[in-house]
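**Q** Just need the structure, nothing else, for what follows:
(chains A and B)
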Amino acid sequence: MKITPTIFLIPTGIGCEIGGFAGDALPSAKLLASASGCLITHPNVMNGGSLSITDERILYVEGYNLDRFAKGEIGLKRINHQKIGIIFDSDIEKHILTRHLQVADACISTLGINVFSYVITNNPVNVVLSNKRSGSSSGYIKNPEELLNSAKRLIKDGATAIAIVTKFPDNFGSKDIDLYRKGEGVDSIAGVEAVISHLISKYFQVPCAHAPAFAPIALEERLDPRAASEEIGFTFLPSVLIGLSKAPNLIELPSPDMNNMLHPDQVESIIVPNGALGGEAVLASIERGLNIISVKNSNALNVCSSHFNYPNFTEVDNYFEAAGFILSIREGISPKSIRRPITPFSKSKIN
Amino acid sequence: MELSNIEFKLKWHQNIQLNNLRQYIIDNISKRGEVLRWSIDHIKIEEKQSDTKILTISAVIITNSNFH
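**A** Just a heads-up that it's a prediction; the model follows:
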């Protein structure tokens, strides 16, 4: 059966009911990968702290490069494995750093992942968290060049993918964290995590992803199940290393070598939460005439299909329905044949 | 190099086609710095008759960059 390559987005730090926590959109991603045969998605969907998976049908691409793919600027080339280099923020305490180094050991010895080398930044990265007026999370880092210089060293040494681990303040937004752990708030660190990984993606054309480093926090008895995969280990690094281990190479277009490459022209659809249609990948997909499948998945934003006059929008109630829509495209069955009511063909005359 | 968060309102006039909206937004962010991450966070319809919409744009920009 042919595949229908599909982009699956859940923007980071906007408080989505599905995908706003710890890799809790991963089951939906597996379903959509099964329906499409080829799903291109990003770390916010796949990273569940200690838990994640690899799937031949899922391509793991950091958000900045996923936008570039949606714009038609790069292709994605499947590879057997990446050589992962890790950047550690020098502000990470020694015992927490040791835990992270043991994660690398575990991924090498138990999962067979090629974790290649690491560097420690010369100075602290200094993460600053903030919330936007919309309620979504954001932030920045005070010393971006620390990360860029470290990435440069790793790539020069032979790393082909970059994991980044930065120290987050121990005392930030404890109320926000409490709400998040109880399933009621926005992930207050997610926005700045995206900023950090976007920065590396912008300057180096390699796969990358970020994991935060924290001091251990107290046990939460009323933990929301969607946040649980961040509570079962000492670090959030395992999912990043699993995701990067088979992340596709990023190929600048046009390229003379098209073998084994997924070209952006092959993509037919993009699946996005309704309300979150104001990102670059969606607008670029509109420019390219793709199907935009807008899924009910409550979040902090209000950019909906009704704001755009675009004929290829489809609104669905959940990811089951999105999977059915994708499967109908894959099988060559017109979705309008399945929906009711059916408009009489006599009304299809072009004037 | 410095990173900063910005948020601003931008009028989306009817004469700007949907296919040109992304570039229109990027051009407006670029006046403030090099674009790292952005999104439309909110859309408000200002005048129904003229179909003018007010976009709330949030972005992270890079300034004073000399990294190579």
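
**Q** Would you mind naming what in chain B lies close to chain A?
**A** Within chain B, the positions adjacent to chain A are B:1-5, B:7, B:18-19, B:21-22, B:25, B:36-43, B:53, B:55-56, B:58, B:60, B:62, B:67 by C-beta under 8 Å from any C-beta of the partner chain. Placement of C-beta: from N, CA and C, glycine included.

**Q** Just the buried residues of the residues you listed.
**A** Buried members of the residues of chain B next to chain A, counted by 16 or more other C-beta atoms under 10 Å in any protein chain shown: B:3, B:5, B:21-22, B:25, B:36-43, B:53, B:55-56, B:58, B:60, B:62.

**Q** What segments of chain B are helices?
**A** Taking DSSP state H, the helices of chain B run over residues B:18-30.

**Q** any weak-confidence spans in it?
**A** B:48 (pLDDT under 70).

**Q** Recalculate using a threshold of 90.
**A** Scanning chain B for pLDDT under 90 picks out B:14, B:45-52, B:65-68.

**Q** for chain A, same thing?
**A** A:1, A:130-138, A:169-179, A:184-189, A:214-218, A:256-260, A:351.

**Q** of all of it, which residue lies closest to chain B?
**A** At 2.8 Å from chain B, residue A:278 is the closest residue in chain A, using C-beta to the nearest C-beta.

**Q** Surely that residue and residue B:40 touch.
**A** Yes - using C-beta atoms under 8 Å, residue A:278 is in contact with residue B:40, at 2.8 Å.

**Q** Tell me the residues that contact both of the two, please.
**A** A:303, B:55 (C-beta atoms under 8 Å, 6 or more residues apart in numbering or on different chains).

**Q** which residues does the closest residue to chain A within chain B form a beta bridge with?
**A** The minimum distance from chain B to chain A, using C-beta to the nearest C-beta, falls at residue B:40 (2.8 Å). Counting by DSSP bridges, residue B:40 is bridged to residue B:57.

**Q** Does stretch A:119-132 reach chain B?
**A** Yes - under the criterion of C-beta under 8 Å from any C-beta, chain B is reached by stretch A:119-132 at A:130, A:132.

**Q** Using neighbour counts, pick out the buried residues of that stretch.
**A** So for stretch A:119-132, counting by 16+ other C-beta under 10 Å, buried means A:119, A:121, A:124, A:125, A:126, A:127, A:128, A:129, A:131, A:132.

**Q** Which residue, other than its chain neighbours, is closest to residue A:268?
**A** In this structure, residue A:268 finds its nearest non-sequential neighbour in residue A:4, 5.1 Å apart by C-beta to C-beta, 6 or more residues apart in numbering or on different chains.

**Q** just checking, that neighbour touches residue A:270?
**A** No - in this structure, residue A:4 is not within contact of residue A:270 by C-beta under 8 Å, at 11.6 Å.

**Q** Neighbour count for the two, which is higher?
**A** residue A:270 (25 against 22; other C-beta atoms under 10 Å in any protein chain shown).

**Q** For that one, which three-state class applies?
**A** strand (DSSP: H, G, I helix; E, B strand; the rest coil).

**Q** Got phi/psi on the most centrally placed residue in chain A?
**A** Computing the C-alpha centroid of chain A and ranking residues by C-alpha atoms, centre = their mean puts residue A:42 first, at 2.3 Å. In terms of degrees, to the nearest 10, the main-chain angles of residue A:42 are phi -130, psi 170.

**Q** what's it in contact with, if anything?
**A** So residue A:42 contacts A:9, A:12, A:60, A:61, A:62, A:63, A:66 (C-beta under 8 Å, 6+ apart).

**Q** ok, which of those residues also contact chain B?
**A** Restricting the contacts of residue A:42 to those within reach of chain B (C-beta under 8 Å from any C-beta) leaves residue A:63.

**Q** And the helices in chain A, which stretches?
**A** Taking DSSP H as the criterion, chain A carries its helices at A:26-36, A:43-46, A:63-70, A:94-111, A:144-157, A:174-181, A:190-203, A:237-245, A:280-287, A:319-331, A:335-338.
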